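> I'd like to go over a predicted model; first the sequence, then the structure.
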Amino acid sequence: TDQKAHALRQYVQRVIAALDAGEVQEDDEGRVIFVDNVLDEVKESEFRLACDMHCSGALEKIVAICTPEQLALLFHRLACNTDELLVSRCGSHVLQAIVERLATVFTEEEHVFAEREDGEAPPALSKQFFDLCDRMALNLSTLMADTYANHVIRAALCVLAGLDLKTVRSTLRSRASESYRSGCVQTEQQGAHKTGLTKRIQTAAFPVIGRFATTVLEMPNLAELAVNNVASPLIQTMLLAFHTRDRAKAVLLSEALLGPEGESRVAALVGNAVGVHVVERILEICGPKLFNRIYSEVFQGHLDEMACSPQKNFAVQRILRHLPNSATATEVITELLPGLENILAENCTGVLTQAAEACARHNVLQQELLQAIYGAFHIDATNPADCAALLMSMSTRERFDELIAAGKMKDNTAYTLTGCLIIQAILKFDQAVAKDFIRGIVSMEGPALAGMAQHMSGSRVLEAFFAGEEISPKSKSKLTAALKGQLAVLAKSKYGSHVIDKAWNASDIKAKEAMAAELLAAEEELKGDFYGRLILRNCRVSSFKQKPSAWEGEIEGNQRKRKMFEDIIEEPLPAVKVKGAARKEKKEKQLDEMDELFAGVPNTVADGDEDSPAVELPTHKKKKKKMAADLSAVVAAVAATKAGDSKQEKKKKEKKE
């Protein structure tokens, strides 16, 4: 037996080495054969391998690349040991990997699995999954406080609710687990780009979520679990899952956690380092009624004190983020403003960031907040020339001058993440209110702006400036002109290239011509750089080089088409997150496809004369179905136009013959 176990472990280690080295064939058929061979070799040993520290990783990797039928087979073989796997340090990871994989499998209709040659016929994956969920719901009171089972239940709830697992990744796994998976389980899951459960799975999942809700609401020690460092994250996941699928259940759980009105349970939760995160989650999902109750019982009259607390300030940030109306926003921010300098002294800068966002969102107390910022940073309100630089560096006037005198501040400025986030929020204020910050950015020298554009946080400020709806085109033109001579440097920068894109979209045709000419002068240099090539393509520099007159018409035509289809183009991209430049390339591909659609077609709508009747296009957001119907109608019209032209040409040809 020991020899067999040793041989099996050696085999599994070879499997892991083959997967890590990329020796498994990339085509589907090769993968299927490989996984089939592995499952045959480890048959009747799956549970022991899943609980083995050195072998469980192999099963996780297999889960990532196997087909739904193979996944059902592995799940079925492990089903008889579910209870032990849930509380096993390694086995729980394998079980969680299976549950997370189901999130992508359930996006397509299930198939009935045929009986295998060896006589095994695994049940449908949905049946196995719901059986597991029922088992976990039945033993929820025991499993909630278990470190390992807890994570499996969280993953199952997210799958039941149809949540995108990438957006709730921090909820599902600890940092150590996520670090391990990113380092070791690198194989991309099949169908990982798909989201959304099928209707059949959604219908079947609803009562299962109800069973979880019923069980947790009946727990007498719910208040204790809310402050338990293991059970509390699971309660937060439940709130999110219930809110997604059955909001009534989320409200009931929120009320049970907060207790009857008048009790001190809310204050106890906020005062606890773990329980405060539960309150934060409730604030995210609750309606005005629960919000007002939490605010009046705990926060009202104590905001300045709580905003300075290392743990309670996060709850204050959630209050500011989820203010239900402008009246409440005015009340909350008015209470915070007098103590703003003390809040910053305690390094609770996130409170100021959220306050600025709330002022922009509800259009209240914008001038009052800026005056409080001037006071907190010791800025002379009559001469706030460098207020933007001060705020971005998060330095008071005295400290800012000391750093400049000591030569420790390049280009007389520095960039902090918090300071840049606050500036971005201020740029959403009315232009008359934010004029000092707008002037401060526009008045910066070219080299300083280039340094800012190449900074990870500073570049976001410039992007927000060009994209700001409250900022006038004149101010944007001045900033674009200030970047003259720096475009070639920025085009080769990961962050600076995004600034050029935003400046390009915000510029008129003359400014774009100047930008294209400057980029053309550095064309050879930019062709050898990844980001430089993207900028050359986005600005159509090759067309500008060959025929400037045609380039101008192309740019103007593209602008009109963008405006026509801005609702479709600005629709969020699918759930797949493409990092860095790839995201930009994907979006540009959408626009290029739109341009190709109209290539060679008479511009009867897009390029109509000024005297022709205007086409009324809705400017508000539309539902996806409506947009798809509109686009289909346009495509049909284009096709009809092309068909009509070809018929006319055919008739002319016949006449000549």
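Structure received.
> Give me the number of neighbouring residues for the closest residue in space to P324 that isn't next to it in sequence.
Spatially, and ignoring its direct neighbours in sequence, P324 is nearest to P288 (4.5 Å; Cβ to Cβ, 6 or more residues apart in numbering). (Each C-beta comes from the backbone N, C-alpha and C, glycine too.) A count of neighbours around P288, defined by other Cβ atoms under 10 Å, yields 11.
> was I right about P288 contacting A327?
No: with contact defined as Cβ atoms under 8 Å, P288 does not reach A327; the gap is 11.2 Å.
> these two touch, right, G259 and V266?
Yes: with contacts counted by Cβ under 8 Å, G259 reaches V266, the gap being 7.3 Å.
> that older thread, the residue nearest to P324 and L303, how far apart?
18 Å (Cβ to Cβ, to the nearest Å).
> what does the strand or helix carrying A516 rub up against?
In this assignment (DSSP states H and E), A516 forms part of helix 509-521. By Cβ atoms under 8 Å, 6 or more residues apart in numbering, the surrounding residues in contact with helix 509-521 are 477, 480-481, 484-485, 487-488, 491, 500, 503-504, 507, 526, 535-536, 539-541, 544-545, 548, 551-552, 555-556.
> From M136, how far off is A156?
Distance from A156 to M136, by Cβ to Cβ: 6 Å.
> and A155, how far is that from A72?
Taking Cβ to Cβ, one finds A155 at 18 Å from A72.
> ok, now L39?
L39 sits 11 Å away from A72, going by Cβ to Cβ.
> Also E341?
61 Å.
> Neighbour count for these two, which is higher?
More neighbours surround A72 than the other of E341 and A72, with 26 against 14 (other Cβ under 10 Å).
> Next up, the contacts around the more buried one.
With Cβ under 8 Å, 6+ apart, A72 has these contacts: F113, P122, P123, A124, L125, Q128.
> Please report which of those residues has the highest neighbour count.
L125 (23 neighbours).
> Output stretch 503-521 as PDB - backbone C-alpha positions only.
Provided in PDB are the C-alpha atoms of stretch 503-521 (Å, rounded to 0.1, in the frame of the first residue of the first chain):
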ATOM      1  CA  ALA A 503      -6.600  64.900 -25.300                       C
ATOM      2  CA  TRP A 504      -7.200  63.700 -28.900                       C
ATOM      3  CA  ASN A 505     -10.900  63.000 -28.200                       C
ATOM      4  CA  ALA A 506     -11.400  66.400 -26.600                       C
ATOM      5  CA  SER A 507      -9.600  68.400 -29.300                       C
ATOM      6  CA  ASP A 508     -11.000  70.100 -32.400                       C
ATOM      7  CA  ILE A 509      -9.800  69.400 -35.900                       C
ATOM      8  CA  LYS A 510      -7.000  72.100 -35.800                       C
ATOM      9  CA  ALA A 511      -5.600  70.800 -32.600                       C
ATOM     10  CA  LYS A 512      -5.700  67.200 -33.900                       C
ATOM     11  CA  GLU A 513      -3.800  68.300 -37.000                       C
ATOM     12  CA  ALA A 514      -1.100  69.800 -34.800                       C
ATOM     13  CA  MET A 515      -0.900  66.700 -32.700                       C
ATOM     14  CA  ALA A 516      -0.700  64.500 -35.800                       C
ATOM     15  CA  ALA A 517       2.100  66.600 -37.300                       C
ATOM     16  CA  GLU A 518       4.100  66.300 -34.100                       C
ATOM     17  CA  LEU A 519       3.600  62.600 -33.900                       C
ATOM     18  CA  LEU A 520       4.500  62.200 -37.600                       C
ATOM     19  CA  ALA A 521       7.900  63.900 -36.900                       C
END
